[in-house]
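> quick one: sequence and predicted model below, then my questions.
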Amino acid sequence: MERFEGVRQLQRARLGPAGAALEWSPSLGEPPAAAGCVLAHEVLDNFPVHVLEVAGGGDVREVYVDAEGSRLVERLGPLSREALSEPAREAGRRLAPGSRLEVCPDLPGWCRDASAAIDRGYLLLIDYGDVEPDLWLRSPRGTLVTYGPDGPGQDPLADPGRRDVTADVNFSAVTRAVERCGFEPQLFTSQRAWLRSLGLDEVVDGLELAADRATTHDLHEEALKLHGEVSELLALVARMGLGDIMVFRAVKAPRRGGEEKAR
């Protein structure tokens, strides 16, 4: 699934001959549904979110953006959408005044589209995030961060239009959304644990052994290349790095009527 034709062309060129066996769609969930996997790698953390702040007495307000002269500033106000009410009530019961959280109202619709894309198979999400209430408690002022040429930042109103704005994924909300549209959650773990369960350590050991053999036979360029591959693999499981990204998997089985028709 790729919305932009220019990017589709780049993908076709990158895939080379393998691209001839593929089809592109401008949107997720367009028919016909197929058996397969919806893979979303760092997709959901880029969805727009509403920011809520817990006030005194369990009341929860929404954070709005306003203009003050030539500056953008924050203002607290009432909830803008009914979809925010239940997350607000839950946060109000659990969090201290001044705490913030993000809510993504577009998440359920995306999960429905993902469900419509496959009649059986898997949903595999790889993204930064956590479950409730851990997500809220470890980041009491919310998880919004920005990325620009000078690195990460905390102020989403700074340099508007020149910085990426992202928020951690609430995987409790993901679980609720996918269960409502036919998926059964199976796995939630770190990328570090997931890749190791798939045999990453054995792959690393094999590459290191091959590098040692190459060095023994004075194949130093090949040994250097193999050590580089080892470094790249270990970066995927590094603590305080890519290893901390989370992996969520859910399965969608065919309906009983579909099974009988297939027989």
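Ah, there it is. Residues are numbered from 1 along each chain as shown.
> CA atoms only for stretch 84-100, dumped as CSV, please.
Provided in CSV are the C-alpha atoms of stretch 84-100 (Å, rounded to 0.1, in the frame of the first residue of the first chain):
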residue,chain,number,x,y,z
LEU,A,84,-12.1,11.0,23.7
SER,A,85,-14.5,10.5,26.6
GLU,A,86,-13.8,7.0,27.6
PRO,A,87,-9.9,7.4,27.5
ALA,A,88,-10.4,10.6,29.5
ARG,A,89,-12.4,8.9,32.2
GLU,A,90,-9.9,6.1,32.5
ALA,A,91,-7.0,8.5,32.7
GLY,A,92,-8.8,10.6,35.3
ARG,A,93,-9.2,7.6,37.5
ARG,A,94,-5.5,6.5,37.2
LEU,A,95,-3.4,9.6,36.8
ALA,A,96,-2.4,12.5,39.0
PRO,A,97,-3.3,16.1,38.1
GLY,A,98,-1.0,17.6,35.5
SER,A,99,-0.5,14.2,33.8
ARG,A,100,-0.8,14.1,30.0
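> could I get the average pLDDT for that stretch?
Stretch 84-100 carries an average pLDDT of 91.
> list the contacts of it.
Residues outside stretch 84-100 that contact it (Cβ atoms under 8 Å, 6 or more residues apart in numbering): 50-56, 58-60, 62-63, 79, 101, 103, 105, 132-133, 136-137, 140-142, 173. Backbone N, C-alpha and C define where each C-beta goes, glycine included.
> make it 7 Å
Here stretch 84-100 makes contact (Cβ atoms under 7 Å, 6 or more residues apart in numbering) with 50-56, 58-60, 62, 79, 101, 103, 133, 136, 140-142.
> now the buried members of those.
Among those, those classed as buried by 16 or more other Cβ atoms under 10 Å are 50-54, 60, 62, 79, 101, 103, 136, 142.
> what helix or strand is F248 on?
Using DSSP states H and E, F248 maps to strand 246-252.
> describe which strands that strand pairs with in its sheet and in which direction.
Strand 246-252 has its sheet partners listed here by DSSP bridges as strand 118-127 (antiparallel), strand 184-190 (antiparallel).
> which residues in the stretch 101-250 of the chain form strands?
In the stretch 101-250 of the chain, the strands defined using DSSP state E, counting those that start in this stretch lie at 118-127, 129-130, 145-148, 151-153, 164-166, 169-170, 184-190, 246-252.
> who's in contact with the residue nearest to the spatial centre of the chain?
Ranked by distance to the mean C-alpha position of the chain (Cα atoms, centre = their mean), the top residue is D127 at 3.0 Å. Contact partners of D127, counting by Cβ under 7 Å, 6+ apart, are 42, 44-45, 169, 245-246.
> where does the prediction get shaky in the chain?
31, 255-263 (pLDDT under 70).
> try it again at 80.
Applying pLDDT under 80 to the chain picks out residues 29-32, 56-58, 254-263.
> which parts of it are helices?
According to DSSP state H, the chain carries its helices in the segments 5-15, 85-94, 107-117, 134-138, 171-180, 191-197, 200-216, 220-235, 256-262.
> in the longest one, what counts as buried?
Going back to what we said before, that points to helix 200-216. Quick answer for helix 200-216 (16+ other Cβ under 10 Å): 200, 204, 207, 210-211, 214.
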